[in-house]
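S.K.: The following block contains a protein sequence and its predicted model.
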Amino acid sequence: MTVKIRHEILNNVEKPSRYIGNEWNSVHKELEGIDIRFAFCFPDVYEIGMSHLGMKILYHLLNERNDTYCERVFAPWVDMEKKMRENNIPLFALESHDPVKDFDFIGFTLQYEMSYTNIVNMLDLAGVPVLSKDRTTGHPFVCAGGPCAYNPEPLADIVDFFMMGEGEDIINEVMDVYKAWKNEKASRQEFLERIVKIEGIYVPEFYEVKYNNDGTVQDVLPLQDRYPQKIRKRIIGNLDETYFPEKIIVPFTDIVHDRIMLELFRGCTRGCRFCQAGFIYRPVRERSTERLVSLAQKLAESTGYEEISLTSLSTSDFTDLCQLTEGLIKEMEPKKVNLSLPSLRIDSFSLDLMEKAQKVRKSGLTFAPEAGTQRLRDVINKGVTEEDLINSVSMAFNGGWNGVKLYFMIGLPTETMEDIEGIADLGNKVVDAYMQVPKEKRGKGLNVTISTSSFVPKPFTPFQWEPQDKNADLREKQKLLKSKIKNKYISYNWHESDLSLLEAVFARGDRRIGKVLVKAWEKGCKFDSWGEHFKPDAWKKAFEECGVAPDFYANRKRSYEEVFPWDHIDVGVSKNYLIKENKTAYEGNVTPNCRMNCSGCGAASFEGGVCLE
Amino acid sequence: MVQLPLKEVFALNDIRVRFVRDEAVKYISHLDLMKVFDRAMRRAGVQILYSQGFNPHPQMVFGLPLSVGVTSEAEYADFELSQPMSVSEFVHRANGQLPSGLKILEAEEKHSKANIMATISQAVYEIVVYTDSNNGKEIVGKAIDDILSRDEVIVKKEGKKGLKDLNIRPMINEVAVVTIPGGSDSRLKIEDICPGGVCENERILDFMGKSPDIAAIKKEQYQGEIFCISARLSAGSAANLKPELLISALEDAASLKLNVIKIHRTGLFISKAGKTLKPLDKEALSDA
């Protein structure tokens, strides 16, 4: 395939390798015999999107179909976009360099709320009407999936249909329906009517949202009886038997996660109350060690990658971790493939493993206590005690490690200044633990980094009723913490709160937020999660001009009776369970993990995975 | 018993290759290119020797790095293997795993300690340009004569402390204008670069047919000329002249804007004991 973009353009932008495609294992098909062209769009730049495992799975899965050609699309960087607009080059797919407006589907993966302006921008750059109601025959269908799709409402005016849950099966079902529909040359409406019958499909235009006088949602109602009251997510029951690509694209250029990623399991048993992923991906389903080692071998052969990593929400909880890592080290070492380890719970097993597997010098270890006092850690159900932490760091320091990163959130429910001070205390205790280790044993030069981010309440968590701290309060807490950290070995990083506020608005937003999104984009907002491009003033104006108050969404405490804009989506875990968890949090009590004791969250209705153990 | 240096004990095979870097991969950086080869070799089951120590890396050395956006049919690399392999097996396996745009064209076993990077002395480039003048080739031809007649040709080069004056004349060995078929006649210049002053290079001719830049130029009722400037320039660590600077100098001498559409390297030469050799010449591959 020759690169169709002029040299004159590509030679004058940053990292032209972002736009050339043709990477090893990228798929190229002749258009003859292809019924469906699918543009899989990641709403951020190449290096970010290429690191996303979901895209790798669905790209190769769709391309297994003889009737479908799936190509990748990433957001062009600002310099390339400028040249594209100047030269009337519409958004193109990477494999063919064909304009995506000629495709059958434009599919977005919704990984984080601050990517939404890029979605609007990419549709505009493609020459496709931004609003769903403006699309007609000849326009592609715009669809979306991924974790943020569980609250689809902020994008309800833009996306034609959402696919809830894991995509492997549902995407094929949609393609099958599409193929038949395309042959019949029926209306757009007809296609949407047909796919709404598939479990997991949500078509926003088939629903009406009614509001109360106080601005909260009264109801989300299907406009016809034939549309489901609740849309239930799809999951893959047996991960061993489902599709996983044995070839993945090897990029030419550096990307954020440039290695083979082995997905160990989906879901999480811990039930940390702030964590959306842990709830929406339940029930926990694991892959077997045999399958994983086999996949590792095939992927190593087909890619030649020098590194392989393990991915899951809590790798230390993988039942067969010891056997798996042994098996992988045994297979990969002779091939000169390194095992890159994710964050593991620090204990003698993991320290030993890190020593065996990591080829780089012992540098830093990460811990995420999330809260500074045991009281608050119990409230958020983060099962880490101070004793655990100090034992772990001591073990690490004894083994020669000398760098520790501690992650915390501020603005957690029930938080007081005492909890903030507790963060500094923990830091000091870690330093003390280092000092206890005899000089000859410990690594030279200690550095402890404390990093805090602002808590953002998310839908489908026990904290979905909670207000986010106001910016002023967050800043005060950051200031206090900074003043309490006096130890020369400890450095403190914190994240700015303007972006967190926006994230909080979109996470629990309803359809009215969609107008603010488009308005903000019109004012030039895009690449919001990139510091140099984030425009808080433009966002502020967008909210004002739309007559929407951000604090209604971000900083308001909800009552248990309130109807949420996402209540019509069913993720398995029930609202009643989340209410129970919220109450338990306020009582300061913990809930044990699923494997120890089933708490009846509702995920068992899927009849799979850990629930059956 | 005398301890042999590590290299002699473990490196069982040294192979030097010439490979092509074509349109499909011309925008990848030099570091990217090395990673591409590393991964391709791993897929191919070719065991490259790795360095010792904390961060082992594969023992491959590449000749003069190309700027991003430049193609070449004269790229060279030296590989040290830890498992012996015949040259033909090596090439066959590697070519099976190299992405499109990269292909090994020639390879020989190397018995010399000198590495390719250190000995490069000259490079030959074909620079495809277009001008707005319908007399461009003649004007540039005259400018070339002018430059070659002088001792000093000064251009501004970007240095660490800003723009610096640089005399590039000593680094220009040969320059000629070359017609690309489809245009008008030109003068004869250097025979061994392009016989008869007419382009016969497959890749450039292929490019003329497929390039979106050429298509865009020709669309707009183009009155000017598209032709090639062929140049043999100093290259390597001692003295290195990038073709873009030559173009800059020619623009000055010709008082004419030269729009570069493509730069293609067609040759790379090394210097050994005062002689100019191709990196895969027998003499270049041994220490004799």
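M.R.: Received it, and whenever you're ready, just let me know what you need. Numbering: from 1, shown residues only, chains lettered A, B, ... in the order given.
S.K.: who touches the one residue in chain A that gets nearest to chain B in this structure?
M.R.: Closest to chain B within chain A is residue A:304: 3.5 Å, counting by C-beta to the nearest C-beta. Where you see a C-beta, it was placed from the backbone N, CA and C, and this is true even at glycine. Residues in contact with residue A:304 (C-beta atoms under 8 Å, 6 or more residues apart in numbering or on different chains) are A:24, A:250, B:38, B:39, B:40, B:41, B:42, B:43, B:44, B:97.
S.K.: Tell me the buried residues within these.
M.R.: A:24, A:250, B:38, B:39, B:40, B:41, B:42, B:43, B:44, B:97 (16 or more other C-beta atoms under 10 Å in any protein chain shown).
S.K.: measure the nearest residue to the second one once chain neighbours are set aside to residue A:158 for me?
M.R.: By that I understand residue A:250. Leaving aside its sequence neighbours, residue A:250 sits nearest to residue A:24 (C-beta to C-beta, 6 or more residues apart in numbering or on different chains; 4.3 Å). Going from residue A:24 to residue A:158 by C-beta to C-beta, to the nearest Å gives 34 Å.
S.K.: Residue numbers of chain B in contact with chain A?
M.R.: Contact residues (C-beta under 8 Å from any C-beta of the partner chain) of chain B with chain A: B:23-25, B:27-29, B:32, B:35-36, B:38-44, B:50, B:54-56, B:68-69, B:97, B:99-101, B:210-213, B:216, B:261-262.
S.K.: go again using 7 Å as the cut-off
M.R.: Near chain A, the residues belonging to chain B are B:23-25, B:27-28, B:32, B:36, B:38-40, B:42-43, B:50, B:54-55, B:68-69, B:99-101, B:210, B:212-213, B:216, B:261-262 when assessed by C-beta under 7 Å from any C-beta of the partner chain.
S.K.: Please report the distance of the residue lying closest to residue A:26 once chain neighbours are set aside from residue A:255.
M.R.: Among residues not flanking residue A:26 along the chain, residue A:249 sits closest, at 5.1 Å (C-beta to C-beta, 6+ apart). Plainly put, residue A:249 is 10 Å away from residue A:255 if you go by C-beta to C-beta.
S.K.: So for the two, which sits in the more crowded spot?
M.R.: Using other C-beta atoms under 10 Å in any protein chain shown as the criterion, residue A:249 and residue A:255 rank with residue A:249 on top: 21 against 18.
S.K.: you'd agree that one is up against residue A:27?
M.R.: No. Contact criterion C-beta atoms under 7 Å: residue A:249 and residue A:27 do not qualify, at 8.5 Å.
S.K.: follow-up on the earlier one: so which of the residues of chain B next to chain A sit within helices?
M.R.: Counting by DSSP state H, the part of these found in helices is B:32, B:36, B:38, B:39, B:40, B:42, B:43, B:210, B:212, B:213, B:216.
S.K.: didn't the second one look like it was pressed against residue A:251?
M.R.: The reference is to residue B:36. No. Assessed by C-beta under 7 Å, residue B:36 is found out of contact with residue A:251, at 9.8 Å.
S.K.: Buried residues, stretch A:218-236. List them.
M.R.: A:220, A:222, A:227, A:228, A:231, A:232, A:233, A:234, A:235, A:236.
S.K.: What residue, apart from its backbone neighbours, is nearest the third one spatially?
M.R.: Once its chain neighbours are removed from consideration, residue A:227 has its nearest residue in residue A:206; the separation is 4.7 Å (C-beta to C-beta, 6+ apart).
S.K.: okay, now that neighbour: neighbour count?
M.R.: Neighbour tally, residue A:206, other C-beta under 10 Å: 19.
S.K.: I'd say it and residue A:196 touch.
M.R.: Yes. Contact criterion C-beta under 7 Å: residue A:206 and residue A:196 qualify, at 6.2 Å.
S.K.: Residues in contact with both of those two, list them for me.
M.R.: residue A:227 (C-beta atoms under 7 Å, 6 or more residues apart in numbering or on different chains).
S.K.: Which pLDDT value goes with residue B:188?
M.R.: With respect to pLDDT, residue B:188 scores 27.
S.K.: what's the answer for residue B:84, then?
M.R.: Model confidence at residue B:84, given as pLDDT, is 89.
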